[in-house]
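In: With the sequence up front, the predicted model follows.
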Amino acid sequence: AAFTLARTISMFAGLIGGGFVLQSLLKLGSEKPSRETSRLANTASLMAICFSVVMAVLLLLFSGVLDSFYSEIDLSRIMPMVVLTAFTGTLSGVPRNILLTRFGTSRVMTADLVSLLIKGGAVGWHILSGTLTSAVQVLLASSAANVAAFAVNGWNARKYVDFSAGVGREALGRVVSFAVFSLGTSLAGFVYTRTDVLMLGKLAPPEDVAAYGASRSLTGMITMISAAANMVLMPYISRAWSEGRYRLLMKKNIQAILYVQLIQLPVVLALVLAPKWIIDTVYEGKYTEFWPILAILGVTAVFRPFGSLFSTMGSAMGKPQYSFWAILISAVVNVIFNIILIPSMGGTGAALATGTAVFAGAAAIVILTVGRWRREKEER
């Protein structure tokens with residue numbers, strides 16, 4: 001339960017602490033290579049790092065408030081590690097996104113693999129040796145993995161960084177104008193993807209929080225597939241849009257969704273058809289009675305690629321506000337259903353609220369983005 005809450009707080013800190021600016025770096029840095037594009041990338045990178053420092057200081061100052069709010073779950077020893085994980089996560093994201101703007105996907109995957117080996121190796125060693133006793137150990141492993149990813153991506157991205165382009169007022173204006181919508185979208189997205197955990201921590205017993213976190217961990221591999229597809233899709237569509245190749249956008253987006261669905265299909269079927277066996281086997285009977293949570297989250301995974309990839313397409317077409325409105329709809333739906341369902345159904349209610357919110361947001365972003373694409377195609 002402590003780790004689930006700590007992970008959620010860390011994600012929020014990473015988002016406010018510069019994470020929302022990284023989307024601007026990816027979008028604006030993917031435009032046609034020029035000195036102005038380099039200036040935009042420099043400005044976004046510096047802005048992200050500055051926000052991460054400010055957020056780290058604020059979290060340390062107000063850590064006692066969070067600890068007192070969740071009186072049944074001890075967060076006092078965890079907060080410094082949460083700060084470290086959030087800061088290193090944003091830092092590692094800067095060279096990562098610079099590489100993606102230049103289609104360096106294979107090099108990013110190398111850094112991701114190094115990061116995975118470090119984190120997985122450290123946590124795995126603690127598990128095998130019987131010394132995994134605290135969320136602090138997992139968060140420390142995550143921070144070390146982030147530092148390693150920063151080093152690898154930073155080395156590979158060095159030739160794409162033009163410090164001589166500097167930063168500028170006009171560049172700052174463009175970054176901020178895009179980042180504002182990105183922040184709104186990300187905040188609303190955080191609400192509808194993580195409000196369930198925060199509300200469970202307050203309204204439900206710790207075992208519900210732990211079981212829900214365990215189920216989300218098992219379905220996390222599915223969301224990574226959509227994230228990987230976005231990593232490739234955003235630079236491609238942004239470049240194609242800036243060059244006027246409008247007709248290719250929808251085709252590539254649909255292809256990406258189909259690829260994601262095919263890759264995740266075996267996992268989704270397993271989660272939906274045998275959730276009780278999976279959660280019982282993985283966690284050795286600790287959360288067997290909570291198997292409906294896993295099944296509901298498995299079904300939800302079918303709708304996520306539509307919301308995620310159409311959101312990317314809308315942002316690449318210069319309409320990040322579409323994502324904001326869709327995510328805002330999801331957030332409102334999620335909060336309302338969480339308030340209604342968590343007191344009576346606990347983790348299962350939170351899963352139902354999440355599934356409903358994901359479907360509502362996906363429907364909204366598809367309608368908005370397809371409408372924009374059709375109008376542009378007809379005009380051209």
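Out: Cool, the structure landed. Only a predicted model underlies this, so the values are computations on that prediction, with no experimental measurement involved.

In: quick one: Arg247 and Gln255, what's the gap?
Out: Per Cβ to Cβ, to the nearest Å, Arg247 is found 14 Å from Gln255. Yep, even glycine has a C-beta here, placed from its N, CA and C like the rest.

In: Give me the number of neighbouring residues for Val260.
Out: For Val260, the neighbour count with other Cβ atoms under 10 Å is 23.

In: still on that earlier bit, tell me the residues that contact both of Arg247 and Gln255, please.
Out: Counting by Cβ atoms under 8 Å, 6 or more residues apart in numbering, Arg247 and Gln255 have no contacts in common.

In: per-residue confidence for Ile263?
Out: Note on Ile263: pLDDT of 86.

In: Check which helices and strands the helix or strand that contains Ala44 sits against.
Out: Using DSSP states H and E, Ala44 maps to helix 35-61. If contacts are counted by 3 or more Cβ pairs under 8 Å, 6 or more residues apart in numbering; DSSP states H and E, helix 35-61 sits against helix 2-14, helix 20-28, helix 79-101, helix 169-203.

In: Skip ahead from the last one and say which helix or strand is next.
Out: Past helix 169-203, heading to the C-terminal end, the next element that is a helix or strand (DSSP H and E) is helix 206-242.

In: Check which residues of that next one are buried.
Out: 206, 208-216, 218-219, 222-223, 225-226, 228-241 (16 or more other Cβ atoms under 10 Å).

In: for that helix, what is the average pLDDT?
Out: Helix 206-242 comes out at a mean pLDDT of 75.

In: Which SSE is immediately downstream of that helix?
Out: The helix or strand immediately downstream of helix 206-242 is helix 247-273, counting by DSSP H and E.

In: got the angle between that following helix and helix 206-242?
Out: 160 degrees (axes from the mean of the first three to the mean of the last three Cα atoms, to 10 degrees).

In: Who are the packing partners of helix 247-273?
Out: Packed against helix 247-273 by the contact rule (3+ Cβ pairs under 8 Å, 6+ apart) you find helix 206-242, helix 291-300, helix 304-316, helix 347-379.

In: Run the angle between it and helix 291-300 for me.
Out: Using the same axes, to 10 degrees, helix 247-273 lies at 160 degrees relative to helix 291-300.

In: going on from helix 247-273, what's the next piece of helix or strand?
Out: Per DSSP H and E, the helix or strand that comes after helix 247-273 is helix 275-282.

In: List the buried residues for that next one?
Out: Residues of helix 275-282 classed as buried: Pro275, Ile278, Ile279, Asp280 (neighbour count, 16+ other Cβ under 10 Å).

In: Adding pLDDT, write these out as JSON lines.
Out: As requested, the buried residues of helix 275-282 are exported to JSON lines (pLDDT from 0 to 100):
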{"residue": "Pro275", "pLDDT": "87"}
{"residue": "Ile278", "pLDDT": "87"}
{"residue": "Ile279", "pLDDT": "86"}
{"residue": "Asp280", "pLDDT": "85"}
